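Q: Fold the following.
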Amino acid sequence: MKLIISHLSPDFDSITATWLIKRYLPGWSKAILKFVPAGKTYKNQPPDNNQNIIHVDTGLGRFDHHQTDSYTCATKLVFDFLKKEKLIKKKDLSALEKLVDLVNQIDHFQEINFPNPAWDLYEINLYSLIDGLKKILFDDEKVCLSVFPFLDAALLNFKNKIQAEDDLNQSLVFQSQWGKSIAIKSTNEESLKLALKTGFDLAFRYDQKTKNVRIKIRPDHKKNLSPLYQKLKEIDPTATWFFHASKKMLLNGSSKNPSVVPTQIPFLTLIEIIKKL
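A: Prediction:
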């Protein structure tokens, strides 16, 4: 039987360190979680003398950081070990580095330096929700097991963001009446969002698999997409075009409605249509 030992009332750092072990360390996916008072070890044993017991964030062992003032945390210590042992898949590495860096910042209360640190938005972030979960579940193991799927989701989000950054670097940038515009070929919806977040006025994503198109402008844009909607309806009336009530989104395809008819307008033709309007 393998045990992962962490401290009572686990925080974001200890939970993420435990998740890393269960996810990436061979033979530890079904390890049982146990909790001890902070700083203590399981049955007062030395922290690193049993190959079937791993202590994280407690016990002053190899995956604890409270014996030093170094800018590190249990999550980073576990990650560095897994990386050194080449136990992390290459496709996960960059995304995990982003996640681990954020966990380390939060474990050192660096969120006090985040933009507008008292903003209500932070109350629905994962690291903030853990405190609420403790008061609802009253069970440390249940808290950890509840957070693990969200860490899986965070890893996927970071991977999508990294892919989106690559997508934007390979996309076509042009000018339109809406301003700086970009045409993206990608199956990754995050690329469309990232484009608008990083300064583009208009972005459209062409999905190579489904042939669907999603076109958006910034929600604070002074113009709207009505001229483009009318033009595309005229050119390709059989396609399913959803024109959002805000007039800032023109969608031909959505995971919310998989039965839409994709447009027949080629990718490069769409760019020319948008440029000439």
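Q: residue closest to the middle of this protein?
A: Asn157 (2.6 Å; Cα atoms, centre = their mean).
Q: Now do the contacts for that residue.
A: Glu190 (Cβ atoms under 8 Å, 6 or more residues apart in numbering). Just so you know, the C-beta spots here come from the backbone N, C-alpha and C atoms, and that holds for glycine as well.
Q: hmm, try it at 7 Å
A: By Cβ atoms under 7 Å, 6 or more residues apart in numbering, the contact list for Asn157 is empty.
Q: Looks to me like it is in a strand.
A: No: using DSSP: H, G, I helix; E, B strand; the rest coil, the assignment for Asn157 is helix, not a strand.
Q: my read: His65 touches Val78, true?
A: No: between His65 and Val78 there is no contact under Cβ atoms under 7 Å: 10.5 Å.
Q: okay, these two: which has more neighbours?
A: Val78 (25 against 21; other Cβ atoms under 10 Å).
Q: residues in contact with the more buried one?
A: 17, 20-21, 56, 63.
Q: Rebuild these as CSV, extending it with neighbour count and secondary structure.
A: Converted to CSV, the contacts of Val78 look like this (neighbours: other Cβ atoms under 10 Å; DSSP: H, G, I helix; E, B strand; the rest coil):
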residue, neighbour count, secondary structure
Ala17, 30, helix
Leu20, 28, helix
Ile21, 20, helix
Val56, 29, coil
Phe63, 28, coil
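Q: Looking at those, which one is closest to Tyr127?
A: Closest approach between the contacts of Val78 and Tyr127, by Cβ to Cβ: Ala17, at 13.5 Å.
Q: and the closest one, what is it in contact with?
A: Applying Cβ under 7 Å, 6+ apart, the residues near Ala17 are 56-57, 63, 74-75, 78.
Q: Export those residues as CSV, with columns for pLDDT and distance to Ser128.
A: Formatted as CSV, the contacts of Ala17 follow (pLDDT from 0 to 100; distance: Cβ to Cβ, whole Å):
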residue, pLDDT, distance to Ser128
Val56, 98, 21
Asp57, 97, 19
Phe63, 97, 24
Ala74, 98, 19
Thr75, 98, 17
Val78, 98, 22
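Q: right, and out of these, which lies closest to Ser246?
A: Closest to Ser246 out of the contacts of Ala17 is Thr75 (39.8 Å), distances taken as Cβ to Cβ.
Q: Alpha carbons of the helix or strand hosting that closest one, as PDB, please.
A: Using DSSP states H and E, Thr75 falls within helix 74-84. What follows is helix 74-84, C-alpha atoms only, in PDB (Å, rounded to 0.1, in the frame of the first residue of the first chain):
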ATOM      1  CA  ALA A  74       6.300  21.500  -2.400                       C
ATOM      2  CA  THR A  75       4.700  21.500  -5.900                       C
ATOM      3  CA  LYS A  76       7.900  22.900  -7.400                       C
ATOM      4  CA  LEU A  77      10.000  20.300  -5.500                       C
ATOM      5  CA  VAL A  78       7.900  17.500  -6.800                       C
ATOM      6  CA  PHE A  79       7.800  18.900 -10.300                       C
ATOM      7  CA  ASP A  80      11.600  19.400 -10.400                       C
ATOM      8  CA  PHE A  81      12.000  15.700  -9.300                       C
ATOM      9  CA  LEU A  82       9.600  14.400 -11.900                       C
ATOM     10  CA  LYS A  83      11.300  16.500 -14.600                       C
ATOM     11  CA  LYS A  84      14.800  15.400 -13.600                       C
END
